[in-house]
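Participant: Take this sequence and fold it.
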Amino acid sequence: MSGVPPTPIPTPDRPPSGEAPEEDAISSHAERTMSARPSGRIAVAGRRRAVIEAISPQVDGGRFAIKRVVGEAVTVEADAFADGHDAVSVMLLHGPEGEPWTETAMEPLGNDRWRASFGVDRLGRYGYGIEAWTDAWRTWRGDLEKRLAAGQDVTVDVLIGAALVDAAAARADGPDRAELEARAAELRGPSDATARAHGALDLALDALMSRHADRSNATRSDALAVVVDPVRARFSTWYELFPRSTAREPGRHGTFRDVIERLPYVAGMGFDVLYLPPIHPIGRRFRKGPNNVTTASEHDPGVPWAIGGPEGGHTAIHPQLGTLDDFRDLVREAERRGMAVALDIAFQASPDHPAVRDHRTWFRQRPDGTVQYAENPPKKYQDIYPFDFESADWDGLWQHLCEVVRFWIDQGVTVFRVDNPHTKPFAFWEWLIGEVKRDHPEAIFLAEAFTRPKVMYRLGKLGFSQSYTYFTWRNTKWELQSYFEELSRPPVADFFRPNAWPNTPDILHETLQHGGRAAFQARLILAATLSASYGIYGPAYELLQATPRDPGSEEYLDSEKYQLQHWELDDERSIAPLIGAVNRIRQEHPALQWNGRLDFHPIDDDQLICYTKRSPDGADIVLTVVSLDFRNPRSGTLELPLEWLGLPPDAPYEAEDLLAGGAESWHGGRHEIAIDPAALPARIVQLRRGAGDPGVR
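Facilitator: Residues are numbered from 1 along each chain as shown. Take a look at the predicted model:
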């Protein structure tokens with residue numbers, strides 16, 4: 001059934017959004033109690049006896065939309081009940097924003113809990129809500145069944161039923177109306193009342209009555225929202241590189257043409273997002289030199305995040321990288337190879353940015369007449385000026401920054417990694433992402449927000465499609481399990497999509513500094529199998545770069561943030577083949593393409609972590625076991641809940657090693673697992689019913 005309006009659904013005690021409540025309906029409790037006659041609004045509300053509570057999913061009481069991707073289902077549950085013993089019927093209302101909604105009957109789960117699902121098959125926003133009412137027909141029908149079972153006289157009861165059918169006929173039209181009128185006449189007919197009563201229990205009549213139920217006193221929930229993103233928002237594999245370090249010859253500044261030549265290498269490892277740090281002109285004043293020294297030579301390229309120079313600002317391209325046409329060619333060629341180019345959105349400026357000259361009010365002014373540079377005391381970043389989002393011309397600034405995003409969308413870019421969004425106002429991001437996604441629902445925004453948990457989650461609620469996580473700093477078994485259980489379950493999973501990175505140009509964790517080759521392998525496999533989206537900063541990662549700038553520092557020595565690098569991609573130590581194998585496994589196994597249905601399992605070695613992921617239909621089960629000891633062989637007994645996983649508890653099932661190759665026949669839930677990090681610090685195993693099992697898929 002259609003025709004339900006896609007507008008906020010008012011509850012009985014609250015007017016619709018934007019409608020002023022009637023004065024007599026919001027008078028004090030004492031005044032209402034003393035009134036001899038309730039107001040019209042209260043009288044109407046008093047006839048709405050059904051109660052709707054505890055709707056899930058929803059984020060902060062409906063303040064924010066939940067997230068899904070195209071093709072997923074939204075499963076909605078709610079408590080719905082009424083006073084007394086009358087039957088309650090419940091409908092889920094749902095549909096794309098701006099279109100009539102459809103209805104799906106909700107099924108009872110017991111204890112007044114109800115459930116129904118609907119699919120989202122296009123990008124954009126959907127709405128959903130719930131309607132519940134005391135159902136006179138269902139109540140009458142249930143009572144009639146009991147009376148017949150007890151052998152009671154039902155003469156009067158069938159006449160009551162006839163009146164209910166008459167009322168439904170008045171609400172219907174066409175063939176349904178004629179059929180209901182005929183059925184009402186039958187209930188009043190001359191035959192035995194018991195026979196007429198049995199006829200009233202006919203399922204066809206019940207379906208007709210349900211279709212034309214009396215919902216004049218139904219209770220409706222407020223409308224809730226769903227943002228539907230591309231599948232890549234849920235499942236993506238990111239590779240970050242600096243275009244200026246892609247030249248074949250050492251010492252030459254790389255170009256977009258060099259990046260195009262690098263695409264087969266990146267695509268060959270199975271990445272589908274190529275992320276580029278800022279590609280704009282870099283400021284000259286206060287330019288940083290190698291290893292972040294504050295004095296740079298004329299040959300030092302500067303930090304890409306110090307955006308802006310005489311050549312332009314956020315919509316200009318660094319002249320040594322090429323032209324806008326070169327960039328468009330890169331985007332097209334990447335797309336041809338199944339990759340999206342992601343651009344860095346860093347809303348800040350170098351002292352040489354044109355906006356510093358043309359829109360000085362967009363920056364905070366110091367008492368000495370200079371512009372306030374970025375700092376995190378005692379650190380100072382004189383090469384970067386933050387925008388002042390509280391300036392007198394804040395609305396002009398907002399519009400300008402939104403146009404920056406729209407400009408790059410016009411060049412074919414729909415994936416953005418946003419630098420430090422937690423240092424800009426929440427309201428700005430909610431507005432900007434909403435504005436962009438209204439016209440471009442395919443846009444994806446990754447929040448680079450290594451900050452406090454509530455701030456990270458707020459950014460997710462405001463509209464960011466994905467977010468960096470604390471994965472880099474979660475290294476023990478307990479840390480990993482507790483963190484990913486939080487991320488993979490509601491309520492967090494309804495608004496926050498993790499993107500796990502074992503390294504970034506800013507972060508070389510001590511685990512990689514001291515763990516050797518096995519640490520790089522293990523952290524890659526953890527990121528790729530715990531999170532549906534993950535990324536690496538390469539080629540530093542596959543080439544095992546592990547030297548910090550200083551002891552105790554997470555900064556790389558000779559970081560390419562400050563200088564050009566030349567990478568020997570064919571180095572025999574490279575773990576690129578392993579990365580490619582892991583990414584192929586991710587592509588082939590739906591279980592690894594979702595963040596839900598992640599379960600950790602006991603194994604009696606604290607340095608072994610074990611978990612499974614299952615596809616939504618349960619057909620694909622992938623078991624991963626990773627050693628967190630990167631030097632010593634480890635072994636332990638694993639315990640699997642076979643029935644929970646949909647595997648036969650009393651029959652053999654297959655365990656295929658997806659990394660090392662080969663398959664074994666397993667029986668029962670307990671298995672000995674041995675891992676030697678000198679060979680490989682992890683196992684990725686597909687579990688499936690054995691070939692001899694009649695339930696094999």
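
Participant: Show the low-confidence segments of the stretch 1-150 of the chain, by residue range.
Facilitator: 1-45 (pLDDT under 70).

Participant: how about the strands in it?
Facilitator: Taking DSSP state E, counting those that start in this stretch, the strands of the stretch 1-150 of the chain run over residues 2-4, 51-56, 66-69, 73-81, 88-96, 101-105, 107-110, 113-119, 124-134.

Participant: TSV for these, including distance to T194?
Facilitator: For every residue, glycine as well, the C-beta is placed using N, CA and C. Formatted as TSV, the strands of the stretch 1-150 of the chain follow (distance: least, C-beta to C-beta, whole Å):
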stretch	distance to T194
strand 2-4	39
strand 51-56	36
strand 66-69	51
strand 73-81	32
strand 88-96	27
strand 101-105	30
strand 107-110	29
strand 113-119	33
strand 124-134	27
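
Participant: Using TSV, lay out these together with mean neighbour count and distance to Q521.
Facilitator: Shown next, in TSV, are those (neighbours: other C-beta atoms under 10 Å; distance: least, C-beta to C-beta, whole Å):
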stretch	mean neighbour count	distance to Q521
strand 2-4	12	53
strand 51-56	16	39
strand 66-69	22	30
strand 73-81	19	36
strand 88-96	23	45
strand 101-105	17	47
strand 107-110	10	44
strand 113-119	18	39
strand 124-134	23	41
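
Participant: Quick one: closest of those to L512.
Facilitator: Judged by C-beta to C-beta, the one of the strands of the stretch 1-150 of the chain that comes nearest to L512 is strand 66-69, at 31.1 Å.

Participant: now W101, which residues is it bridged with?
Facilitator: Per DSSP bridges, the residues bridged to W101 are V4.

Participant: what about it, distance to G434?
Facilitator: 21 Å (C-beta to C-beta, to the nearest Å).

Participant: Out of the strands of the stretch 1-150 of the chain, which is closest to D258?
Facilitator: Of all the strands of the stretch 1-150 of the chain, strand 66-69 comes closest under C-beta to C-beta, at 33.5 Å.

Participant: quick one: the closest one to chain centroid distance?
Facilitator: Once both centres are worked out by C-alpha atoms, centre = their mean, to the nearest Å, strand 66-69 turns out to sit 6 Å from its chain's centre.

Participant: Okay, now the sheet partners of that strand, with direction.
Facilitator: Strand partners for strand 66-69, identified by DSSP bridges, are recorded as strand 224-229 (parallel).

Participant: Go ahead and name everything in contact with the partner strand.
Facilitator: Residues outside strand 224-229 that contact it (C-beta atoms under 8 Å, 6 or more residues apart in numbering) are 55, 58, 62, 64-70, 74, 97, 120, 122-129, 437, 441, 444, 463, 465.

Participant: Look at G369 and give its secondary structure.
Facilitator: Per DSSP: H, G, I helix; E, B strand; the rest coil, the local secondary structure of G369 is coil.

Participant: Need phi/psi at it.
Facilitator: Backbone geometry at G369, expressed as degrees, to the nearest 10, gives phi 90, psi 0.

Participant: check contacts around it.
Facilitator: With C-beta under 8 Å, 6+ apart, G369 has no contacts at all.

Participant: what does stretch 448-457 contact?
Facilitator: Contact with stretch 448-457 is made by 417-422, 447, 459, 467-468, 470, 492, 495-496, 507, as judged by C-beta under 8 Å, 6+ apart.

Participant: repeat that for 6 Å
Facilitator: 419, 421-422, 459, 467-468, 496 (C-beta atoms under 6 Å, 6 or more residues apart in numbering).

Participant: do stretch 72-81 as well
Facilitator: Stretch 72-81 is touched from outside by 51-56, 68, 88, 90, 92, 112-119, 130, 132, 226, with contacts defined as C-beta under 6 Å, 6+ apart.

Participant: CA atoms only for it, dumped as CSV, please.
Facilitator: C-alpha atoms of stretch 72-81 as CSV (Å, rounded to 0.1, in the frame of the first residue of the first chain):
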residue,chain,number,x,y,z
GLU,A,72,21.2,-3.6,2.1
ALA,A,73,18.1,-4.2,4.2
VAL,A,74,17.0,-2.1,7.2
THR,A,75,15.6,-4.3,9.9
VAL,A,76,13.4,-2.3,12.2
GLU,A,77,12.1,-3.4,15.7
ALA,A,78,9.9,-1.6,18.1
ASP,A,79,7.8,-2.2,21.2
ALA,A,80,4.1,-1.7,20.4
PHE,A,81,1.2,-2.4,22.8
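
Participant: How far away from the center of its chain is that stretch?
Facilitator: On C-alpha atoms, centre = their mean, the centre of stretch 72-81 falls 18 Å from that of its chain.

Participant: what do you get for stretch 223-236?
Facilitator: Distance, centroid of stretch 223-236 to centroid of chain: 6 Å (C-alpha atoms, centre = their mean).

Participant: likewise stretch 321-338?
Facilitator: Between the centre of stretch 321-338 and the centre of its host chain there is 28 Å, according to C-alpha atoms, centre = their mean.

Participant: Next, the buried residues of that stretch.
Facilitator: Residues of stretch 321-338 classed as buried by neighbour count (16 or more other C-beta atoms under 10 Å): 321-322, 327, 329-331, 333-334.

Participant: In a markdown table, list those along with secondary structure, pLDDT and distance to E107.
Facilitator: Shown next, in a markdown table, are the buried residues of stretch 321-338 (DSSP: H, G, I helix; E, B strand; the rest coil; pLDDT from 0 to 100; distance: C-beta to C-beta, whole Å):
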| residue | secondary structure | pLDDT | distance to E107 |
| --- | --- | --- | --- |
| L321 | coil | 98 | 57 |
| G322 | coil | 98 | 58 |
| F327 | helix | 98 | 52 |
| D329 | helix | 98 | 54 |
| L330 | helix | 98 | 51 |
| V331 | helix | 98 | 47 |
| E333 | helix | 98 | 50 |
| A334 | helix | 98 | 46 |
